[in-house]
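Trainee: Let me see the structure of the following:
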Amino acid sequence: MEPGQLALLIPIIGVSIPIVAIWLKHKQKIAEMQLEATASASAEKAAQYASQVQRLEDRVQVLERIVTDKGYDVATQIEALRDTREVEDQDSGVPLNIGRKENA
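Mentor: Okay, here's the model as predicted:
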């Protein structure tokens, strides 16, 4: 290498080192910003999942309470009432005193 070329290469390297340092800092900031965005999105999703899990746990507790507090028997009681109403509705058009002797 000739001394003239070396003299020209030294200032070029001297100028390019700060440019490369600035470019690397910029890349590092972009990577940090992407990491923060990913972390905040993950935190938001985690909060949504936590609230959904809480709602489901509340619903399960209500269902457990219904089953254990004889609330489960309510359905069979309702069906029994429906059966009773059907029997009563079949006789609803018949007067009560037909076929009976009245006490006078």
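
Trainee: chain center to the helix or strand residue 66 falls within: distance?
Mentor: Residue 66 belongs to helix 3-68 when assigned by DSSP states H and E. Put simply, helix 3-68 sits 23 Å off its chain's centre (C-alpha atoms, centre = their mean, to the nearest Å).

Trainee: tell me which strands and helices it is in contact with?
Mentor: Counting contacts by 3 or more C-beta pairs under 8 Å, 6 or more residues apart in numbering; DSSP states H and E, helix 3-68 packs against no other helix or strand. (C-beta placed from N, C-alpha, C; glycine too.)

Trainee: tell me the mean pLDDT over it?
Mentor: Mean pLDDT, computed over helix 3-68, is 89.

Trainee: and the gap between the most centrally placed residue in the chain and residue 1?
Mentor: Compute the mean C-alpha point of the chain, and by C-alpha atoms, centre = their mean the closest residue is residue 52, 3.5 Å away. Applying C-beta to C-beta, to the nearest Å, the value for residue 52 to residue 1 is 68 Å.

Trainee: Same check on residue 56?
Mentor: 74 Å.

Trainee: Of the two, give the one with the bigger neighbour count.
Mentor: For the pair residue 56 and residue 1, the greater number of neighbours falls to residue 56 (10 against 6), based on other C-beta atoms under 10 Å.
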